[in-house]
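1. Model the following, please.
(4 chains)
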Protein chains: 2
Amino acid sequence: MSKNLEFTYKLRSSGLRPTRQRLKICEVLFNRDKTFHFTINDLAKDISKQLNEKISLATVYNTVHAFKNKGYLKEISINSDKNYFDTNTTSHHHFFDQDTNELIDCTDEVVETPKIKKNILGKKINSVEVLIKVATDNQNQK
Amino acid sequence: MSKNLEFTYKLRSSGLRPTRQRLKICEVLFNRDKTFHFTINDLAKDISKQLNEKISLATVYNTVHAFKNKGYLKEISINSDKNYFDTNTTSHHHFFDQDTNELIDCTDEVVETPKIKKNILGKKINSVEVLIKVATDNQNQK
DNA sequence: ATTATATATTATAATTATTCTAAACTGTTG
DNA sequence: CAACAGTTTAGAATAATTATAATATATAAT
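-> Residues are numbered from 1 along each chain as shown, chains lettered A, B, ... in the order given. The predicted model follows:
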């Protein structure tokens, strides 16, 4: 299982012990080709579906936050009731589909990162991100 | 008290009964020249400071949500632990100061609304907003 | 003005999401 | 393999928000 070795190395290199639970969570999160957007609850459900064993919710929280702190995940706040994480940790933009509560990454073809002409004195810009909220147009539906 | 009459009219015209509590909350929220960013907790505290009487927290929640639904307030999610409301209901951009957790409106001089070159099929763009996260630059401090 | 009605307020309970705790367990090092 | 530090776990604790149901109030009808 070379994927597992890969994850083991990844964890170890960032000072995280490659425990059974963390490796399982790595599998679920990083063993995919597309960017994955999820809430912690979604992830916990996914895990109990995909795996025969259960991982404690507290461990899922701990692990996701550990991964976020190590830069393997990015946290995204779109609305007050859902808190998303993203496996794409680069600075990038999003569509948010208000009908389905789905979060979709934007490519450069969709929107360019806007230029900031003035900054706040003494501060450094850490990120510039665009959020595009979309929904079905009821006025104008085919 | 002409301000009060103004608020009474505003509430009534949107189908909200101008109750004592709602008028007080209007005073605290809209009787200012600058845009006001707040969390519901902040607002509840402000109210009990500024006014001699107390308004139940449930009422503050109800009222803020009613005002948001009527378009008098805008909800803004920046991070998972704080949920902000904004008296500036136009689509606009923000600085978020990660040192102080302060939210600051951007003018057009700071950043232009980016153009969206491709949209998701069958969806309408409801808003395009830029969030600029800033913090003290420790590498490069004067 | 008085009454009737629908709506709003309130304290409190309930719910939800998240974090804390402390005991049991496991990965790593020597 | 023994010892230790880090990790997991269930459940308790906390915080934010929403629901509930009794009481109060604003408005409309009389």
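
2. Stretch A:11-20: end-to-end distance?
-> Criterion C-alpha to C-alpha, to the nearest Å; first-to-last residue distance in stretch A:11-20 is 12 Å.

3. Please enumerate residues in contact with that stretch?
-> Stretch A:11-20 is contacted by residues A:7-8, A:22-23, A:26, A:66, A:70, A:72 when judged by C-beta atoms under 8 Å, 6 or more residues apart in numbering or on different chains. Quick note: C-beta positions are derived from backbone N, CA and C, even for glycine.

4. May I see the PyMOL selection of the buried members of those?
-> Here is the PyMOL selection string for the buried members of the contacts of stretch A:11-20, based on 16 or more other C-beta atoms under 10 Å in any protein chain shown:
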select buried, chain A and resi 7+8+22+23+26+66+72
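
5. Turn the contacts of stretch A:11-20 into TSV, columns for distance to residue B:119 and secondary structure.
-> As requested, the contacts of stretch A:11-20 are exported to TSV (distance: C-beta to C-beta, whole Å; DSSP: H, G, I helix; E, B strand; the rest coil):
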residue	distance to residue B:119	secondary structure
A:7	37	helix
A:8	42	helix
A:22	39	helix
A:23	39	helix
A:26	34	helix
A:66	37	helix
A:70	35	coil
A:72	31	coil
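
6. Make JSON lines from the contacts of stretch A:11-20 and add distance to residue A:125 and pLDDT to it.
-> JSON lines is the format used below for those (distance: C-beta to C-beta, whole Å; pLDDT from 0 to 100):
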{"residue": "A:7", "distance to residue A:125": "33", "pLDDT": "96"}
{"residue": "A:8", "distance to residue A:125": "36", "pLDDT": "96"}
{"residue": "A:22", "distance to residue A:125": "33", "pLDDT": "97"}
{"residue": "A:23", "distance to residue A:125": "36", "pLDDT": "96"}
{"residue": "A:26", "distance to residue A:125": "31", "pLDDT": "96"}
{"residue": "A:66", "distance to residue A:125": "27", "pLDDT": "97"}
{"residue": "A:70", "distance to residue A:125": "23", "pLDDT": "96"}
{"residue": "A:72", "distance to residue A:125": "23", "pLDDT": "97"}
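
7. tell me which of the contacts of stretch A:11-20 is nearest to DNA strand C?
-> Set against DNA strand C, the nearest of the contacts of stretch A:11-20 by C-beta to the nearest atom of the strand is residue A:8 (7.2 Å).

8. Now do the same contact list for the closest one.
-> A:18, A:23.

9. near DNA strand D too, which of the contacts of stretch A:11-20?
-> residue A:22 (C-beta under 7 Å from any atom of the strand).
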